[in-house]
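Colleague: Make a model of this:
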Amino acid sequence: GGQAWLPLTTPDLRDLQWDGAGARVYSNPSSSPSPSSRSLDGGLSWTTFTGGQGGSESLLRLSLRGAQADDFLAATTATGLYSSSDQGATWSLVQTSVPSRVRGVVVVSNSAPNRWYHHPLATGTTLYRSSDAGRSWASLTYPSGPVTADASNPDRLYAGRSALSLSDDNGDTWVARVGGPAVDEYQADPDVANRVWAKGATSLARSDDAGLTWTSYAVPPAPGESLSSFEFPPGQPDMVLSWSGALARRSLDAGASWVGLALPPLDRIRGVWADSVDPDLLYVSATTSGSPPTILRSLDGGANWSDLKIPASTDYIGGSGSLSVYPSPYLTRRLLIRGTSYGFLLSDDAGDTWRGAGSGVEGGGLVFAGYPGRYLLESGNGYYLTEVSGLQASAAATFQSSVWGLVQRDCSGCHAGGAGGYFANSDLTQSYQSARDDSTLTPGQEELSLLLRKAAQSQGTTHGGGIRWSEGGEEYTRALDWIKAGAPAK
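Modeller: This is a model prediction of the structure:
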């Protein structure tokens, strides 16, 4: 238990990884081109191996996938991504099409979470597309600029810089939208189909018809500042957050009007976010001269604020810079924080308590947070996808925590006002009654729920709004789990 220690003669290494069971230990080299090493006796003796074909490539990153009879290892090298299922004795090439050492941007489709798009940070016209959550990639030619995916149509993409282009075939072909605002970045709304935003330095424009027509709003920055930043919170249709300097605003009508947030004195706001279910639960990351970076929380829509107590550990949070906040797009009160140093912190109670998460991922930040505990983390060495149990929901599924955000995001386009007698909006009671009243709670017949049959057009059911959730997909499974749990409200 740590009272006595046995010194080991270890190879040149950067870190050690235990397989989680037994006596197998793996080491990464401290520098290239030193090989990686494996010990089968708890570190008493070591053998070396490399991660490429012919033993010529050096291992840059080694990952373990659980305690298995034959460890599954993954390694990124200068030539691509390799995998091994026999403790590193032999390796097979997984992919080469995306350079493993090139930093870039990964966009994940909200309506099809296994569709990923990667474009380098540098300007160019090459776009990489994956349909299997990053396992394989195809190279495409596109108009350049940031890429963003439509909230509802899994085949619709937007891209461009100074001019918007649209693709309705998953990036194979593109059409230019003429006459729109010339800005550096366009962004699809995470909740509303066909809605795309154009973010300028001092203005914001919105299109509700996929870029054919636009409505512009002036959003002046704070005094002495040259630009405003914007956030479109997932799960909160029509909410937009804006900040500049020490000034922050919120709009609840898709940018038409704005209300200032009554923040305490700050030097600079680094970001503003909202919970995906509770519209009054807000977070602000800020810095103040002479003080560590801080995160403020409001439970009443920005009228009152409290300082979240972040654990003072240099393993997670750096002493300078700023903190990045990532509310879960599905689970209320779930919060992931990326600090300026090493690792992440995760909270399931809106920041009252914290635990470590994502250790071993160096640098970078979060790219995507999805169902149920899926996090895509960006590292200096590449991208990491985790779905481990430590990041999944710890409590039983409820409508408020598991389903409400989904129906708001995917069904409010038609049912916000109660079309057909069914509601999907920011009113928890209204939305719950519509979903709960049509849920089949007879054991073994949960998939006959009208909610599931309509959303997936399954069991021979038609739906005027089309397929919202694929049968057996992530959203469908989440709603099914809620029904199987007895369809509790909260």
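
Colleague: Backbone dihedrals for the closest residue to residue 256 other than its chain neighbours, please?
Modeller: In this structure, residue 256 finds its nearest non-sequential neighbour in residue 217, 6.8 Å apart by Cβ to Cβ, 6 or more residues apart in numbering. C-beta: built from backbone N, CA, C; applies to glycine. For residue 217, the backbone dihedrals (degrees, to the nearest 10) come out as phi -130, psi 140.

Colleague: Assess the claim that residue 217 and residue 206 are in contact.
Modeller: Yes - at 7.5 Å, residue 217 counts as touching residue 206 under the criterion of Cβ atoms under 8 Å.

Colleague: Name the residue in those two with the higher neighbour count.
Modeller: residue 206 (20 against 16; other Cβ atoms under 10 Å).

Colleague: hang on, the more buried one in a strand?
Modeller: Yes - assessed with DSSP: H, G, I helix; E, B strand; the rest coil, residue 206 lies in a strand.

Colleague: how close does it sit to residue 45?
Modeller: Distance, residue 206 to residue 45, using Cβ to Cβ, to the nearest Å: 64 Å.

Colleague: thinking again about what came up before, can you work out which residues contact both of residue 217 and residue 206?
Modeller: Counting by Cβ atoms under 8 Å, 6 or more residues apart in numbering, the contacts common to residue 217 and residue 206 are residue 255.

Colleague: C-alpha coordinates for stretch 221-235, CSV please?
Modeller: Taking C-alpha atoms only, stretch 221-235 is exported to CSV below (Å, rounded to 0.1, in the frame of the first residue of the first chain):
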residue,chain,number,x,y,z
PRO,A,221,-19.1,45.4,-28.7
ALA,A,222,-18.3,46.8,-25.3
PRO,A,223,-16.6,50.2,-25.2
GLY,A,224,-13.0,50.0,-26.3
GLU,A,225,-13.5,46.6,-27.9
SER,A,226,-13.5,45.9,-31.7
LEU,A,227,-15.7,42.7,-31.9
SER,A,228,-18.3,40.6,-30.2
SER,A,229,-18.3,36.9,-29.7
PHE,A,230,-21.4,34.6,-29.9
GLU,A,231,-22.6,31.3,-28.6
PHE,A,232,-25.7,29.3,-29.7
PRO,A,233,-26.4,26.9,-26.8
PRO,A,234,-27.5,23.4,-27.8
GLY,A,235,-31.0,22.5,-26.5
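
Colleague: which residues are in contact with it?
Modeller: Stretch 221-235 is contacted from outside by 110, 187, 189-191, 197, 199, 201-202, 204, 219-220, 239-247, 271-277, 327, 329-330, 405, 408-409, using Cβ under 8 Å, 6+ apart.

Colleague: List the buried residues of that stretch.
Modeller: Applying a neighbour-count criterion of 16 or more other Cβ atoms under 10 Å, one finds 221-222, 225, 228-235 buried in stretch 221-235.

Colleague: Most widely separated two among those residues?
Modeller: With distances taken as Cβ to Cβ, the most widely separated pair in the buried residues of stretch 221-235 is 225 and 235, at 28.7 Å.

Colleague: Could you tell me which of the contacts of stretch 221-235 count as buried?
Modeller: Of the contacts of stretch 221-235, these count as buried by 16+ other Cβ under 10 Å: 110, 187, 189-191, 197, 199, 204, 219, 239-247, 271-277, 327, 329-330, 405, 408-409.

Colleague: Among these, which lie within helices?
Modeller: Among the buried ones among the contacts of stretch 221-235, DSSP state H puts 405, 408-409 in helices.

Colleague: all helices in the protein, in order from the N-terminus.
Modeller: Along the chain, the segments classed as helices by DSSP H run 404-415, 428-437, 450-456, 474-484.

Colleague: Please identify which of these is closest to residue 292.
Modeller: When these are compared by Cβ to Cβ, helix 404-415 sits nearest residue 292, at 31.7 Å.

Colleague: CSV for the buried residues of stretch 221-235, including pLDDT and distance to residue 2?
Modeller: Converted to CSV, these look like this (pLDDT from 0 to 100; distance: Cβ to Cβ, whole Å):
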residue, pLDDT, distance to residue 2
221, 84, 54
222, 84, 52
225, 82, 52
228, 86, 53
229, 90, 47
230, 92, 50
231, 92, 45
232, 92, 49
233, 90, 45
234, 85, 44
235, 84, 45
